[in-house]
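> mind folding the following:
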Amino acid sequence: MSSDFAFWKVGEGDPGEIYDGLAEGVTDGIGACSEVSWFRDELLSRWPDLVDVLEPTEYDLRDAPEDAAKYVLLTLPVSMLGHLDGIFELARQYELRGYSGVAGEAF
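Model prediction:
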């Protein structure tokens, strides 16, 4: 069992549709912002174990390095849900938008 969360700074359209697109690797309508890159870097600095549940992966970034500044998608297993409060606080600090796949709600 896992929970999916997507984060971005600039995006056009319905958050649920953006989330669905990101789950399929579609980044149309998402703008690149340094805050997303900083968020990604700080996530991995604080919780290195997130590297295995974070997208885009390092492999994905070889073909599309700009995606590191567009979005972060986390698929958190139950064992990592304890990180969630800290992840949301960090997202607020960087003023990121997002969507919870489990709740079906934007944040």
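
> contacts and neighbour counts: CA atoms only from here.
Will do.

> what's the separation between the residue nearest the centre of the chain and Ser79?
Nearest to the geometric centre of the chain sits Val72, at 2.2 Å (CA atoms, centre = their mean). Applying CA to CA, to the nearest Å, the value for Val72 to Ser79 is 19 Å.

> what residues of stretch 85-100 count as buried?
For stretch 85-100, the neighbour count (16 or more other CA atoms under 10 Å) marks Ile87, Phe88, Leu90, Ala91, Tyr94, Leu96, Arg97, Gly98, Tyr99, Ser100 as buried.

> what lies in contact with the longest helix seen in the chain?
Assignment by DSSP state H gives helix 34-46 as the longest helix of the chain. Outside helix 34-46, the residues that touch it by CA atoms under 8 Å, 6 or more residues apart in numbering are 7-9, 50-51, 68-72, 87, 90-91, 94, 96.

> was I right to think Val72 contacts Phe7?
Yes - judged on CA atoms under 8 Å, Val72 makes contact with Phe7 at a distance of 5.2 Å.

> identify the residue nearest Val51 in space, chain neighbours excluded?
Spatial nearest neighbour of Val51, excluding adjacent residues (CA to CA, 6 or more residues apart in numbering): Leu44 at 6.5 Å.

> tally of neighbours for the one you found?
Under the neighbour criterion other CA atoms under 10 Å, Leu44 is assigned a count of 14.
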